[in-house]
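Peer 1: model the structure of this input:
(chains A, B, C and D)
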Number of protein chains: 2
Amino acid sequence: MTDLEQYLQTYFDFDQTDLVTVASFFKPEILKKGDYYLKTGKLCNKLSFIQSGMLRVYVDLEDREVTQWICTQGYFVTDLSSLVFEKPARWNIQALADTAIYTIDKHDYDRLGEYLPKWPVTEKLFIAHCFTTLEDRVFSFLSMTAEQRYNLLFDSHRDIFTQVPLQYIASMLGMTPETVSRIRRKQLN
Amino acid sequence: MTDLEQYLQTYFDFDQTDLVTVASFFKPEILKKGDYYLKTGKLCNKLSFIQSGMLRVYVDLEDREVTQWICTQGYFVTDLSSLVFEKPARWNIQALADTAIYTIDKHDYDRLGEYLPKWPVTEKLFIAHCFTTLEDRVFSFLSMTAEQRYNLLFDSHRDIFTQVPLQYIASMLGMTPETVSRIRRKQLN
DNA sequence: TTGATTTCTTGATCTAGGTCAAGTGCGTCG
DNA sequence: CGACGCACTTGACCTAGATCAAGAAATCAA
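Peer 2: Predicted structure coming up:
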């Protein structure tokens, strides 16, 4: 079983045949550090799985950048609203390091249902799971302090902290780099 | 065409036959002010459409309540993660006023695909739309001040401001009632 | 290696928004 | 009607976290 098949299995309860079918639509690709996976305003006609490396999802405002999320090894990346609704992409997505991904293009993605009868259900569960994750994130902004949000992210995505420049972590937590630096120091006692 | 059919049409591009089919699964219900549509920890086995009135989605913390959202006329309400994954509900959902809803139970909801071939696609688009809405909301916390978030909500959901106690609006915006009160005064110049 | 550049840390100060407390208005119920 | 209880407002003060600025460390180029 390939890496990709193994990872797909952890997300979806496909049997071996389905796994091979789905995996066959994904093509390996390499992004060099700094390369863009997607730029704001373009159409995102692909979905990718990250085998190694990291991608930063962000937007440019007049006076600064806002990082929405960092996608790491073992997760999927796309601009969902662009992929699904065929609207201009909301986000820039850029490689923070050399990154190996497997990509399925929209054409094939939209046809997965023809090969896998249970794809529509699987896809729904996948998007619903993404929804729930964001719901948690909104809740964290409604109910937690900067330090609590830092700890929550640290406990759930430790890999981000070891590899991602602190300024981006700060932005995705909705605080300044100085604040993250101070919280980090405090955590070391 | 009934109210419900009309509303369904604004969400989904069903033809007349489909509209009637879907609508027939929804049963009218009345919640009195203060009644609970759902309580944390229960299973949410229904999805409803709000014909009139309002529901507040919130959680109890040790020392306070956090309002996640207010659902108003013309919108759907459910606990998506509970409905889809059959997990205990994350939210309390309580009527803020006498509220008229149309409810489909999970049993029927899960079978919509048997009657409507394009239901799986429609459902996916619906959930993806919810995801995108939350993405915007996360972005608002990452990039906006309290006053900017207030204005954003005011411009997009004016009905909430005319009918909902200010303390709940404050909570769902992630600020205190005092702050909302001050912003509101400022907006009156 | 060395200098240049970027990123991170730390301190000093500032401010948006929170907290606390004392009203004020108003709807409801006896 | 009057009084109780909410919900909201307003002021005084406080604090988490932002801003600004100056170094220190790490990263990179050559």
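Peer 1: residues contacting the closest residue to DNA strand C within chain A?
Peer 2: Nearest residue of chain A to DNA strand C (Cβ to the nearest atom of the strand) works out as residue A:181 at 3.1 Å. Placement of C-beta: from N, CA and C, glycine included. Residues counted as contacts of residue A:181 (Cβ atoms under 8 Å, 6 or more residues apart in numbering or on different chains) are residue A:166.
Peer 1: quick one: mean pLDDT over the host helix or strand of it.
Peer 2: Applying DSSP states H and E as the criterion places residue A:181 in helix A:177-187. Average pLDDT, helix A:177-187: 94.
Peer 1: does chain B have contacts with stretch A:122-134?
Peer 2: Yes - for stretch A:122-134 and chain B, the contact criterion (Cβ under 8 Å from any Cβ of the partner chain) is met by A:123, A:124, A:125, A:127, A:128, A:129, A:130, A:131, A:132, A:134.
Peer 1: which of the residues you listed are buried?
Peer 2: The neighbour count (16 or more other Cβ atoms under 10 Å in any protein chain shown) marks A:123, A:124, A:125, A:127, A:128, A:130, A:131, A:132, A:134 as buried among the residues of stretch A:122-134 next to chain B.
Peer 1: which ones among these lie within helices?
Peer 2: Among these, DSSP state H puts A:123, A:124, A:125, A:127, A:128, A:130, A:131, A:132, A:134 in helices.
Peer 1: so who does the residue lying closest to the fourth one once chain neighbours are set aside touch?
Peer 2: Leaving aside its sequence neighbours, residue A:127 sits nearest to residue B:127 (Cβ to Cβ, 6 or more residues apart in numbering or on different chains; 4.9 Å). Shown here is residue B:127, whose contacts under the criterion Cβ under 8 Å, 6+ apart are A:124, A:127, A:128, A:131, B:80.
Peer 1: dump the residue contacts of the last one.
Peer 2: Going back to what we said before, that points to residue B:80. By Cβ under 8 Å, 6+ apart, residue B:80 lies in contact with A:128, A:131, A:132, A:135, B:127, B:130.
Peer 1: over to residue A:153?
Peer 2: Contacts for residue A:153 (Cβ under 8 Å, 6+ apart) come out as A:160, A:161, A:169, A:172, A:173.
Peer 1: ditto for residue A:179
Peer 2: By Cβ under 8 Å, 6+ apart, the contact set of residue A:179 is A:146, A:170.
Peer 1: check residue A:135 too.
Peer 2: Going by Cβ under 8 Å, 6+ apart, the list of residues near residue A:135 reads B:68, B:80, B:81, B:90, B:134.
Peer 1: from residue A:56, how far off is it?
Peer 2: Residue A:135 sits 22 Å away from residue A:56, going by Cβ to Cβ, to the nearest Å.
Peer 1: same deal with residue A:127?
Peer 2: For residue A:127 relative to residue A:56 (Cβ to Cβ), the value is 22 Å.
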